[in-house]
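# I'll drop the sequence and a predicted model, then ask my questions.
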Amino acid sequence: MYLAIREMRFSKVRYTLIATIMLLVSFLVLFVTGLARGLAYDNAASIENMEATHFLMEKDSNHRFTRSQVGAEALEQAKSIAGENNAQPLGVRMTTVTLEEYKLDVTLLAVEPEGWLTPPAAQGSSLEEAGVGSVLVDSKLKDSGVRIGSTLVDQASGMKWTVAGFVDRESFSHSPAVFLSEHDWRQLQQVAAARSGMPTDTTYSAIAVKAGKQQAERLAAALPDNEIVTKSEAVSAIPGYKEEQGSLMMMIVFLFVISAFVLAVFFYVITIQKSSQFGILKAIGTRASYLAGSVALQVLLLCLGSLTISVLLVQALESVLPSGMPFQLPASTLALTSGAFLAMSLAGSLLSVWKVSRINALDAIGRTAA
Amino acid sequence: MRHRIVLQNITHSFEDGGMRRVVLDNLNVSVAEGELVAVMGPSGSGKSTFLSIAGALLEPTSGDVLVDGQSVIGKAHQELSDMRLHKLGFIFQSANLIPYLKVEEQLLFVAKQGGVDKKQATGRARELLQKLGLTHRRSSYPEKLSGGERQRVAIARALMNDPAVLLADEPTASLDASRGMDVVRMIAGEAKEQGKAAIMVTHDERVLPLCDRVLYLEEGRLVAH
């Protein structure tokens, strides 16, 4: 403690330089982490927002909502096992709608208007009040000119829906969500079936279930044609989700490794430069463990200092970012990232600690300069 | 008269290119309290090895070193560290102060390592600095001091934990004649006054009159001329 702090006080420039590098790296780590979280949420917000624990999907659908088809009888069975209130049908279809002459890519999410999958309206009336032919849309669509009362026309089926209200932060695979009632979903399917000339029964994309582990197992056993998928599995199967998160994750991991190496090299060079000084200290009776602790403490102080500043900077930045920017850094992620950064830095100091413990006190005798 | 450091039958040798080189050969020396012994010898005669062994930095091939009657042979690293901290005071060739500690902090650090109470340590540091004429330099960094002042701080640091033995490794090497004389006079004075045994390795003949005994390291043994 005594040596570590006094040395930092004495060599201000040297330690400020390294603290600045640490500050920049940790800021970048936090920013990219926030961006990754923000993009993840933006990508899968609607699924993340759902209170479901599991989704029942078609077998061999690769956990993808858009590929899966589940029949009404599966819904009945799921209700009987998980409880009447714990299973809800969910329809997912990515499509293009037109608003006057504009085309908009959206994802249709079909839900029971009175069920727990339906988000509350942030503006306008709820899906339940609005009735048949009405939809709730993500507030991002306001930027494209969608207003309450606007009419959206589905390009594939030609069906028309009236916008009854807006919901906040609802999207699927980066496209804004359009919530419609299960009744309209059935109609949509009938129109599609009529066009293709193959009448089919009503199907859903998945059944959202609130279930414990045992219930989930019972569901899987009772419905051999279906697969029970956890929420996180379903989220990572959303098109583009894994690829996007993977590349951001790689950047973050690299930044962690870089920061550990920068610290390791910096302290290793300083330690070698000071090896005769450490020799003197050992000769006059300072224990090796004290000196090693001193190096580790310096790393810890530098790291904590730069982390604190970069956390403040990131939070300041977050408050001035435009609302459309996908950026999210909740306290838990912040704490986890900071902890990992601290751990990597300490790992980087190990080399120097080892070097210090190897320095021989004998070097002090017969030396001309410290 | 009490012998504060005794080296008994010290032999030190090492392998050098397949040959066995004997640096110290059955060396014996005792230094009593208040005594300053100068050790002279050409370079390569084993002065540094001798000082390292006396200073518990190096274990001899055979023989025993007793500091205040306590053997330093066969001790663990940490015990040796503590021994150097409490019983031995080193003064190195060019002071070798810690560059980022102020003069007073150099002394307080040693006291802190030795577990001395802070108030007591501050008192002792002030007293030592005053005695060595460094009071006005109390809060200067070593880089601002002259060579002589630095060496005086080194003496104060060596004395801080009230050791039994002072070991000086050519303390006058980087000083001019009169500063060198001053420094050795101080070491001799402290040894006398506080009853410490002092060993000084040197090849500066001008300071020899200040020493109680002058020994020459020849063929691995210490002899008086």
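Perfect, thanks for sending it.
# buried sites along the helix of greatest length in chain B?
If each helix of chain B is counted by residues according to DSSP state H, the longest one is helix B:177-194. Neighbour-count burial for helix B:177-194 flags B:Arg179, B:Gly180, B:Met181, B:Asp182, B:Val183, B:Val184, B:Met186, B:Ile187, B:Ala188, B:Glu190, B:Ala191 (criterion: 16 or more other CB atoms under 10 Å in any protein chain shown). Every residue, glycine included, has its C-beta placed from N, CA and C.
# Among these, which one lies nearest to chain A?
Closest to chain A out of those is B:Gly180 (15.3 Å), distances taken as CB to the nearest CB.
# How about the contacts made by the closest one?
B:Pro171, B:Thr172, B:Asp204, B:Arg206, B:Val207 (CB atoms under 8 Å, 6 or more residues apart in numbering or on different chains).
# give me the element the nearest residue in space to A:Gly305 that is not next to it in sequence is part of.
The spatially closest residue to A:Gly305, leaving aside those adjacent along the chain, is A:Ala19, at 5.9 Å (CB to CB, 6 or more residues apart in numbering or on different chains). Per DSSP states H and E: A:Ala19 is located in helix A:12-49.
# hmm, the helix or strand containing A:Glu243 in reach of chain B?
Per DSSP H and E, A:Glu243 falls inside helix A:241-273. No: counting by CB under 8 Å from any CB of the partner chain, chain B has no neighbours in helix A:241-273; the shortest distance is 11.4 Å.
# buried stuff in that helix?
Across helix A:241-273, burial judged by 16+ other CB under 10 Å covers A:241, A:244-245, A:248, A:252, A:255-256, A:259-260, A:262-264, A:266-268, A:270-271.
# I'd like to check the angle between the helix or strand just after it and helix A:241-273, please.
Toward the C-terminal end, the helix or strand that comes next after helix A:241-273 (DSSP H and E) is helix A:275-283. Inter-element angle recorded for helix A:275-283 and helix A:241-273: 70 degrees (by axes from the mean of the first three to the mean of the last three CA atoms, to 10 degrees).
# Helix A:275-283 and chain B, are they touching?
Yes: Helix A:275-283 comes into contact with chain B (CB under 8 Å from any CB), by way of A:Ser276, A:Gln277, A:Ile280, A:Leu281, A:Lys282, A:Ala283.
# Check the secondary structure at the residue in the stretch 51-200 of chain A positioned nearest to chain B for me.
Closest to chain B within the stretch 51-200 of chain A is A:Arg169: 53.1 Å, counting by CB to the nearest CB. The local conformation at A:Arg169, judged by DSSP: H, G, I helix; E, B strand; the rest coil, is coil.
# Could you give the number of residues near it?
By other CB atoms under 10 Å in any protein chain shown, 16 other residues sit near A:Arg169.
# Against A:Gly324, how distant is it?
Using CB to CB, to the nearest Å, one obtains 11 Å as the distance from A:Arg169 to A:Gly324.
# Residues of chain B that sit close to chain A?
That would be B:48, B:51-52, B:55, B:57-58, B:77-78, B:81-86, B:88, B:90, B:92-101, B:105, B:109-110, B:112-114, B:141, B:157-158, B:161, B:169, B:173-174, which are the residues of chain B within reach of chain A (CB under 8 Å from any CB).
# re earlier: what's the pLDDT at the residue nearest to A:Gly305?
pLDDT recorded at A:Ala19 is 92.
# What about the contacts of B:Gly180, which one has the most neighbours?
B:Pro171 (27 neighbours).
# was I right about that one contacting B:Ala198?
No: B:Pro171 is beyond contact range of B:Ala198, at 10.4 Å (criterion: CB atoms under 8 Å).
# so which strand or helix has A:Gly285?
Per DSSP H and E, there is no helix or strand for A:Gly285.
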